[in-house]
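Chemist: Sequence and predicted structure, then a few things I'm wondering about:
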Amino acid sequence: MLADILHYVLHFFGMCQELSILVSTLTIITQMAISHFIRGQISRKLQNETLKEILLEFVASAELTGTAYELMIITNNYTKYGYGVFLFLMQIWWGKSWAPATACTYSLLEEYVEVGTNTQTMILKMVAQILGGIVSFRWVRPIWQLQLTATHIGAEEPLIDMCLADLAVPLLVGFTIEMLMTCACRLFSRGLGELQPNFAPAIDSFFATAMVLWALETSGGYFNPILALVKLGCEGHTNIEHVFVYWAGSILGSMLSIILWKIAPFKRTEEKDKEE
């Protein structure tokens, strides 16, 4: 009897190892589902709008980096194209599920520059984003330590304790890539918002995913300071260099997109009149 039980247990873990992609998929979906539930509770039960928005940023940022760790597993074992499929679908979901949160520092800065939001609230949201982005590995590590699949065995050590930076080009080149690609993504998103084509979220996600895959083997293709937190402290760049490439690069790219957007030829007439 004991031998039969042991056989089935070993068979189960053997199946998990063969179906590593399924385990990774379920890990990602579970995190996204839990985050979605928490967002719903926060949105329904909190009356203070400022506190609500701050907490939503925290949850979205934790979800972003928590799932990003699992995406690293997928990239390492199923190539960047397997990663691209997941990223494409996840961005569509995030666009529908996160609002009004963004889990992106420069989105808050864009709103501050263009609309004039409260400075204190903006700073608190940024702090919430950073904390959410950092705290996510608190639950990712125990999941990997369960070793439900071969791809999780020892994953917490090389990805965090002995992680390597994704920056594979000189510092200034990486900075330039993050800046220009962030600018391109933001301009593309603004253009879609203006033109409002069918399937705009999917088109936007496809473009962003293509840019990420293009830059994956150079700067890493993060284009988001919060997402890049998964590589903070990794061997290959100092923390200052990390901030320079992934924070300064993407934020300046975002600000550049605002400047370029002001001279875009296809904006609505009323928007141009307002600027003038």
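Modeler: Happy to help now that I have it. The model shown is predicted, which means the values in this text are computed figures rather than measured ones.

Chemist: Kindly list the longest helix within the chain.
Modeler: helix 49-97 (DSSP state H).

Chemist: Could you name the helices and strands sitting against that one?
Modeler: Identification of packing neighbours for helix 49-97 by 3 or more CB pairs under 8 Å, 6 or more residues apart in numbering; DSSP states H and E yields helix 20-45, helix 119-135, helix 137-145, helix 200-215. C-beta coordinates here come from the backbone N, C-alpha and C atoms, glycine included.

Chemist: any weak-confidence spans in the protein?
Modeler: 1-18, 154-161, 266-276 (pLDDT under 70).

Chemist: can you list the domains in it?
Modeler: 1-155, 163-270 (automatic domain parsing).

Chemist: May I see the ones you listed organised as a markdown table, with mean neighbour count added?
Modeler: Below are the domains of the chain laid out as a markdown table (neighbours: other CB atoms under 10 Å):
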| stretch | mean neighbour count |
| --- | --- |
| domain 1-155 | 17 |
| domain 163-270 | 18 |
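
Chemist: from the chain's centre, how far out does stretch 207-215 sit?
Modeler: Centroid separation for stretch 207-215 versus its chain: 13 Å, with CA atoms, centre = their mean, to the nearest Å.

Chemist: Just the CA atoms of stretch 183-190, as CSV, please.
Modeler: Presented in CSV, the C-alpha positions along stretch 183-190 are these (Å, rounded to 0.1, in the frame of the first residue of the first chain):
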residue,chain,number,x,y,z
CYS,A,183,9.3,57.2,-25.6
ALA,A,184,8.2,55.1,-28.6
CYS,A,185,5.8,53.0,-26.5
ARG,A,186,4.3,56.1,-24.9
LEU,A,187,3.8,57.8,-28.2
PHE,A,188,2.3,54.7,-29.7
SER,A,189,-0.2,54.4,-26.8
ARG,A,190,-1.1,58.0,-27.1
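
Chemist: So which of the helices and strands packed on helix 49-97 is nearest residue 233?
Modeler: Nearest to residue 233 among the helices and strands packed on helix 49-97 is helix 119-135 (10.3 Å), distances taken as CB to CB.

Chemist: Between the helices and strands packed on helix 49-97, which one is closest to residue 92.
Modeler: It is, among those and with distance given as CB to CB, helix 200-215, at 5.0 Å.

Chemist: next helix or strand past that closest one?
Modeler: Toward the C-terminus, helix 200-215 is succeeded by helix 239-242 as the next helix or strand (DSSP states H and E).

Chemist: after the longest helix of the chain, next one along is what?
Modeler: helix 105-114.

Chemist: contact partners of that next one?
Modeler: Helix 105-114 is contacted from outside by 102, 117, 119, 122, 125-126, 129, 182, 186, 224-226, 247, 250-251, 253-255, 258, using CB atoms under 8 Å, 6 or more residues apart in numbering.

Chemist: Then stretch 127-145?
Modeler: By CB under 8 Å, 6+ apart, stretch 127-145 touches 27, 54-55, 57-66, 69-70, 103-105, 108, 152, 155-156, 160, 226-227, 229-230, 232.

Chemist: mind running it again at 6 Å?
Modeler: With contact meaning CB atoms under 6 Å, 6 or more residues apart in numbering, stretch 127-145 is reached by 54, 57-58, 61-62, 65-66, 69, 152, 155-156, 226, 229.

Chemist: Which pair of those residues spans the longest distance?
Modeler: 54 and 152 (32.7 Å).

Chemist: what's the offset of stretch 132-152 from the middle of its chain?
Modeler: 17 Å.

Chemist: Ok, stretch 166-181 next?
Modeler: 18 Å.

Chemist: what residues does that stretch touch?
Modeler: By CB under 6 Å, 6+ apart, stretch 166-181 touches 211, 215, 218-220, 223, 231, 236-237, 241, 245, 249-250, 252-253.

Chemist: what's the answer for stretch 244-258, then?
Modeler: 106, 110, 174-175, 178-179, 182-183, 186-187, 222-223, 225, 228.

Chemist: One more: stretch 225-236?
Modeler: By CB under 6 Å, 6+ apart, stretch 225-236 touches 61, 64-65, 68, 103, 105, 129, 133, 163-167, 222, 242, 246-247, 250.

Chemist: now stretch 210-219
Modeler: For stretch 210-219, using CB under 6 Å, 6+ apart, the contacting residues are 80, 84, 167-169, 174, 177-178, 181, 185, 221.

Chemist: Let me know the angle separating the longest helix of the chain from helix 137-145.
Modeler: Interaxial angle, helix 49-97 versus helix 137-145 (axes from the mean of the first three to the mean of the last three CA atoms, to 10 degrees): 40 degrees.
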